[in-house]
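In: got a predicted structure here, sequence first:
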Amino acid sequence: MAEFTTGEAVALELPIARIPTRATAFLIDLVVQLTLGVLCVAVAGLLVVRSGADPAWGDAIMLTTVVAVLVGYPVAWETLSRGRSLGKLALGLRVVRTDGGPIDFRHAMTRGLAGVIVDFWMLGGFGAIAVITSMCSPNARRVGDVLAGTVVVHAQRGLPAPALAFAPPWLVGWAARLDLSGIPEDLALAIRQYLTRLRTLTPAAQATLGQALVTALCAHLRVPVPQGYPPIQILGAIVAERQRRALAPQTPGLVRVA
C-alpha cells in the first residue's frame with residue numbers, strides 16, 4: 001500500500017502493482033500487439049503485391065506498423081480508458097498520477113515513448129531497464145512512470161472515500177471571500193503535507209511551522225493574518241474552501257480540522 005495526497009490534501013491509500021503482476025499484464029499486451037502487427041503487415045503486404053506498388057511502400061508500411069503497435073497501442077488504450085490497457089484490465093491494474101488522479105494523453109504518451117526507447121526495446125534490453133528501475137523504486141516505477149509522474153496500482157476495488165478537511169465555522173465566511181488562485185503550488189504542497197502529517201509533529205514544530213505557513217499564505221493572498229486562531233484552523237479553512245470549490249459536495253467522509 002502507498003499513500004497518495006491529492007491536489008486538495010485528500011489522502012488516498014492504494015495498493016501498488018509490483019513486478020510479477022505488471023509483467024503478466026505486459027505479456028498479455030505484447031501478445032495482442034504482436035498479433036495486430038502481424039495482421040497489419042500481412043494485409044498491407046498483400047495489397048502492395050497485388051497493386052504492383054514500389055517496394056519502398058513495404059518498408060514504409062513496416063515502419064508505420066511498428067510505431068503504431070509499440071507506441072500507438074499503449075498510448076491509445078491508456079488515454080481512452082484512463083490508465084488501462086487490455087493487459088492491465090485483465091489483471092485489475094490502472095495507471096494513475098502520483099497524486100492518485102487519472103492520467104491523460106500527455107502521461108500516456110510519455111510512458112509510451114519511454115517504454116519503447118528506454119524501458120523495453122531500443123535501450124531497455126528487452127525489459128531489463130524496466131525491471132531494474134522498478135526494483136529500485138519504492139512504488140515500483142519504471143523510467144516511463146518517473147518521467148510521466150505516474151504509478152501503477154491495483155484497481156479492482158473502488159477508491160476509498162477521501163477524508164476531506166472541514167473548516168471551523170467561524171472561518172468559513174473569511175475563507176469563502178478569498179481569491180485562492182494566487183496560491184503557488186509549492187506553498188499549497190507544503191500546507192497539504194503539514195495538515196496530513198500534523199500528528200507526527202511535536203507541539204513546538206506544529207506551532208512554528210504552522211505560523212510560518214500562515215504568514216506566507218496570507219502574504220500571497222494579500223490579506224492580514226486572522227488574529228486569535230491557531231494555524232491549523234486557518235490552514236484547514238483554506239484547504240476546505242479549495243476542496244469545496246473543486247470537489248463534488250456529495251463526497252462522503254468529512255474529517256473535522258480543529
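Out: Here it is on my side, so go on.
In: and the helices in the stretch 151-258 of the chain?
Out: Under the criterion DSSP state H, counting those that start in this stretch, the stretch 151-258 of the chain contains helices at 169-176, 185-196, 203-221, 231-246.
In: the last one - contacts with which helices or strands?
Out: In terms of contact count using 3 or more C-beta pairs under 8 Å, 6 or more residues apart in numbering; DSSP states H and E, helix 231-246 is assigned the packing partners strand 164-166, helix 169-176, helix 185-196, helix 203-221. C-betas here are computed from N, CA, C, even on glycine.
In: okay, those, which one's buried deepest?
Out: Neighbour counts (mean count of other C-beta atoms under 10 Å) averaged over each of the helices and strands packed on helix 231-246 peak at strand 164-166, with a mean of 21.
In: tell me which element Ala42 is part of?
Out: In this assignment (DSSP states H and E), Ala42 forms part of helix 19-51.
In: mind listing what's buried along that helix?
Out: With burial defined by 16 or more other C-beta atoms under 10 Å, the residues of helix 19-51 counted as buried are 21-23, 25-26, 28-30, 32-33, 37, 40-41, 44, 48.
In: next one: stretch 138-153
Out: 139-148, 150-153.
In: and it, end to end?
Out: End-to-end distance for stretch 138-153, by C-alpha to C-alpha, to the nearest Å: 13 Å.
In: and Arg197, how many neighbours does it have?
Out: Using other C-beta atoms under 10 Å, Arg197 is surrounded by 11 other residues.
In: now render the helices and strands packed on helix 231-246 as TSV, adding distance to Gln243 and mean pLDDT.
Out: Output for the helices and strands packed on helix 231-246, formatted as TSV (distance: least, C-beta to C-beta, whole Å; pLDDT from 0 to 100):
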stretch	distance to Gln243	mean pLDDT
strand 164-166	5	61
helix 169-176	11	84
helix 185-196	11	80
helix 203-221	16	88
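In: turn those into TSV, including distance to Val96.
Out: Shown next, in TSV, are the helices and strands packed on helix 231-246 (distance: least, C-beta to C-beta, whole Å):
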stretch	distance to Val96
strand 164-166	19
helix 169-176	29
helix 185-196	17
helix 203-221	28
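In: partners of the residue nearest the centre of the chain in the sheet?
Out: Centroid check for the chain by C-alpha atoms, centre = their mean gives Arg97 as the closest residue, at 0.1 Å. On the basis of DSSP bridges, Arg97 is bridged to Thr150.
In: OK, contacts around it?
Out: Taking C-beta atoms under 8 Å, 6 or more residues apart in numbering, we find Arg97 in contact with 103, 107, 149-151.
In: quick check, nearest of the residues you listed to Tyr194?
Out: Taking C-beta to C-beta as the measure, Gly149 is the one of the contacts of Arg97 closest to Tyr194, at 22.1 Å.
In: who touches that closest one in this structure?
Out: Contacts of Gly149 by C-beta under 8 Å, 6+ apart are 97-98, 107.
In: among the residues you listed, show me the least confident.
Out: Of all the contacts of Gly149, Thr98 carries the smallest pLDDT score, 83.
In: shaky segments in the stretch 51-200 of the chain?
Out: Along the stretch 51-200 of the chain, segments meeting pLDDT under 70 span 156-167.
In: how close does the residue of the chain most remote from its centre sit to Gly58?
Out: No residue in the chain has its C-alpha farther from the mean C-alpha position than Gly52, which lies at 48.7 Å (C-alpha atoms, centre = their mean). In this view, Gly52 and Gly58 are 12 Å apart by C-beta to C-beta, to the nearest Å.
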